[in-house]
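Undergrad: Got a predicted structure here, sequence first:
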Amino acid sequence: MTEGGYMSKSGKAAPKRRPPRKRSDVAIIGGGSFGTMLAMLLAERGRHPLVWVRRQEHAEEINDEHRNVRYSGDIELPRNVAATTDLEKAIDGVPVVIMAIPSRSFREVARRVGDHIRGDQVLVHGTKGLERETHRRMSEILREETCALKTGVISGPTLAREMMAGNPSGAVVASHYREVVTKVHDLFRGGRMRVYTGRDVTGTEIGGAFKNIIAIASGASDGLGFGAMTKSLLMTRGLGEMVRFGVANDAEARTFAGLAGMGDMMANCMSPLSRNYQVGAGLAGGEALDDLLAKLDQAAEGVPTAAAVNGQAAELGLDLPIVREVHAVLFEGRAPALALERLMKSPVGEELDYFGDRDR
Amino acid sequence: MLDEDKPRVIEEVVRRMLDEYGGDSAAVERTLFDTLYDERRRLKTTSDTAGAQALLSYYDGIYAEVSRAGPDRQAELLAELARHFAEEVSGHFDERVYQLVTRVIPWAFTVMLNTLSPLKLVQAIPGGLGSLENQVEFQGEIETFRKLDELGTTVVISTHQSNLDSVVMGWGLYALGFGPYTYGAGANLFENKMMAFFMNNLGAYRVDRRIKTALYTSVLKTYAGCTMELGYNNMFFPGGTRSRSGAVERRLKLGLLGMGLDAYIHNLAAGRDKPDIFIIPCTMNYQIILEAETLVEDFLKEVGKSRYIITDDEFSQPMVVLDFFRKLFSLDSRIHFTVCSPLDVFGNRVDAEGRSLDRRGRVVDRARYVLRDGEPAVDRQRDMEYTRELAGSVIDQFHRNTVIKPTNLLAYAMFEHLKEQSPGLDVYHLLREDRELEVPLQAAYDRVDRALKDVRKLAREGRIRLDETVAGKDIVLVVNTALAHFESFHRGPALLRRGDHLSLLDRKLLFYYHNRLVGFEVGDGGRIHEQER
């Protein structure tokens, strides 16, 4: 047996090498900020996450320097976080695979995952967006691109920077399969992220995606110098639009009162760390969208999601004024101040009409 | 099922019921009391037949004993009840009757056809008899179905509009060269004079939907599953009952549908040679549905009050049935029997080599879906979700393989016209109006033309199938074919040509035939009405 540091029989020092790594028990597909955060949380719980990244140098940075500078700065990653560029190696044999890929490249990566995933594996995602062109939810894409049936979504107020700084938070894992929620819940159990369970996959996905649009509006409101009560108005009415849109897509209204709806929306509308908030604030400050996105260097899911939701709302005949105005600001050149003015002049009706008669 | 297998199946069903309900003595006692309560209550409200009274006495006897019995005796009583239900469900198969009937049915249908015209009758004798093949057109993935039949057990499931479906399906499978199929038939069909003979001798197992108690439904499902495990091909209607609205099924009963998966898991666990269960969705498509008037009336009754079981419809009247066949065949009214893409028990498509494919066409190792700690195992919650996946795929296949007939298209176009003429009225109010409406012929042609464009686009995309008349380019022929059918059947015509106008006479029938296109993207009316969800 030759371990690093031991003398070999010849008396020469054996070449230094890493201790054998325990077999990975969870694969994280994507080494961006969300994927890195999940890997850290899991490693803190004694798991051995293997993170799939596209570039070799990115993998080496994680494996050799225990850092992911682009997404987590100088924070040192636990030693039991490893990375690979080999997708098959990442997925093969692990009981749980978590997709942490932006919506714009989700389908392409899901299709590649589909080459390797097997029917006994659990496949969940944490992507808070809708596919811009098709308006599909990520779980629908997983169904189209892979053979996995035991799928789910993990969502909630999980600002990567705050989580990586050591703050506690919570999330919800939703799936139609009890095995999925149990396995994911068990992975995180006892850690800084309290993982609750649910069954409403559609609602959980829509909540996570939709709140990004409202975060853009909130950032714009703050950028224009309005205070807490204006933001409160936007958030509350935004929640109403979220419910209306969700229910029209067969989600359960009550899901939006939970972590994946109101919970996530509060975090993103109030924290300057939210990328979508930053987009809104920057637009209010007169910056161009393309410049803002380039500066962020990471996905702001609210942008493609605003296009997807606005398009689908039109198809469904839904009136979603905040979505409409955010869409106009992002894609039609409307000034944020004018958008807010238009919202203030829009017709006012019964407040909780979106709950319908039965739920009132 | 062969009589020699019946005792094995019944004993296996009883054993599984004890596994399912006999976890502890409290569960056994609860199941006994629940079952007896449900059944005694049902029988007390049933019309006073001798059979019901005898059964009630039997249950009373068990009830009296349960209260004073110890746990072991209670378990025996549970086994007795399970056995009683299993024997009630268990079917009978007579090879001689099967051979006779499969030969006679096409001949009998042809005679009905040919008695219409003396000339045809003369032509028909001897040896000139046409066959049902001329009336039923088979299409779809028949060859894949044949190959899968050799590789595993097949479960044929079909859309359900008419009682005629059972006959056409049973005969169709025979005509395609498949062996006998085990099938669940409603108890009402065993009581229907015309159908009872077939039901009692052709391997049908009895499904009595009046019995709601949980033990019975478990026995029923398990019985079907056990027959699949033994390699008996099964067929049933996963919608549970005939479509009342005329629309293609959008919801399926999951219980029986899920038994294919259950059988598959048991087969894997037992290491059987041919463990696979293949699901073969089929659609039956007619110009005219004999029972349309009764079905749509039932659909329009207040939600929740419609009858799940109808025993007194047009199908219960032999002369009406005979007349129906005469007219149907005289109009060269083809019945389309379409074999859809075969599926595995998880809803994946299956190719002719029996391999499951994901939606990108990659081969899926399906046995992995049911592993728990590396071994195949039943997991009720997981398996229910898998069955929902299967149901979704079946519904998709049903829609893609629905054959649109001229009657559907004309009814659709005219009902949309009706809706436009009565803005603001919901479907129920629209149907309640008895005002006769005249539509200029040219306007009707224009509407049919618009609907045709939409359905042809859907057909090009593989989302629907078209009858040969609808697939042609002759709008006048589409309208005339539909009118000929509407004028010949039912108590009164749904619509009638009067000079250069069409008179819309029976809105409910129009609604019924129009509904076959609801849920497809045809005009604005393709959207699903809230009432129809």
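TA: Structure received.
Undergrad: Got phi/psi on B:P180?
TA: B:P180 adopts backbone torsions of phi -60, psi 150, taken as degrees, to the nearest 10.
Undergrad: Same check on B:F138?
TA: With angles defined as degrees, to the nearest 10, B:F138 sits at phi -90, psi 140.
Undergrad: How confident is the prediction for it, by pLDDT?
TA: pLDDT recorded at B:F138 is 94.
Undergrad: Chain B contacts on the stretch 51-200 of chain A?
TA: Counting by Cβ under 8 Å from any Cβ of the partner chain, the stretch 51-200 of chain A comes close to chain B at A:111, A:114-115, A:118-120, A:143-147, A:149-150, A:176-179. Any C-beta I mention is one placed from the backbone N, CA and C, and that applies to glycine too.
Undergrad: out of those residues, which are buried?
TA: Among these, the ones that count as buried by 16 or more other Cβ atoms under 10 Å in any protein chain shown are A:114, A:118-120, A:143-147, A:149-150, A:176-179.
Undergrad: pLDDT-wise, which helix or strand of chain A ranks last?
TA: Of the helices and strands making up chain A, the lowest-confidence element is helix A:356-359, at a mean of 53, by mean pLDDT, DSSP states H and E.
Undergrad: on that earlier part again, which one among the buried ones among the residues of the stretch 51-200 of chain A next to chain B gets closest to A:A306?
TA: Using Cβ to Cβ, A:E144 comes nearest to A:A306 of those, at 23.0 Å.
Undergrad: does that closest one really touch B:R359, like I thought?
TA: Yes - if you go by Cβ atoms under 8 Å, A:E144 and B:R359 touch, sitting 5.3 Å apart.
Undergrad: Run the chain-centre distance for stretch A:287-307.
TA: Relative to the centre of its chain, stretch A:287-307 is centred 15 Å away, using Cα atoms, centre = their mean, to the nearest Å.
Undergrad: First-to-last residue distance for that stretch?
TA: From its first residue to its last, stretch A:287-307 covers 20 Å (Cα to Cα, to the nearest Å).
Undergrad: which residues touch it?
TA: Stretch A:287-307 has contacts (Cβ atoms under 8 Å, 6 or more residues apart in numbering or on different chains) with A:32-33, A:70-71, A:102-104, A:127-132, A:209-210, A:212-213, A:215-216, A:275-276, A:278-279, A:282-283, A:323, A:326-327, A:330-331.
Undergrad: Can I have the buried ones of those as a PyMOL selection?
TA: In PyMOL syntax, the buried subset of those is picked out as below (16+ other Cβ under 10 Å):
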select buried, chain A and resi 32+33+71+102+103+104+127+128+129+130+131+132+209+210+212+213+215+216+275+276+278+279+282+283+323+326+327+330
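Undergrad: which bits of the stretch 351-500 of chain B sit near chain A?
TA: Residues of the stretch 351-500 of chain B lying close to chain A by Cβ under 8 Å from any Cβ are B:356, B:358-360, B:362, B:364-366, B:368-369, B:371, B:379, B:381-382, B:385-386, B:388-389.
Undergrad: quick one, phi psi at B:P275?
TA: Note on B:P275: its backbone torsions stand at phi -80, psi -10 [degrees, to the nearest 10].
Undergrad: Assign the residue nearest to it when sequence neighbours are not counted to helix, strand or coil.
TA: Among residues not flanking B:P275 along the chain, B:N267 sits closest, at 3.5 Å (Cβ to Cβ, 6 or more residues apart in numbering or on different chains). With DSSP: H, G, I helix; E, B strand; the rest coil as the basis, B:N267 sits in helix.
Undergrad: how's chain A carved up into domains?
TA: Following automatic domain parsing, one finds the domains of chain A at A:26-199, A:203-347.
Undergrad: Any stretches of the chain with poor pLDDT?
TA: All of this refers to chain A. For chain A, the stretches with pLDDT under 70 are A:1-20, A:356-360.
Undergrad: sorry, should have said chain B
TA: Filtered on pLDDT under 70, chain B yields the residue ranges B:1, B:47-48, B:91-133, B:188-203, B:302-332, B:524-533.
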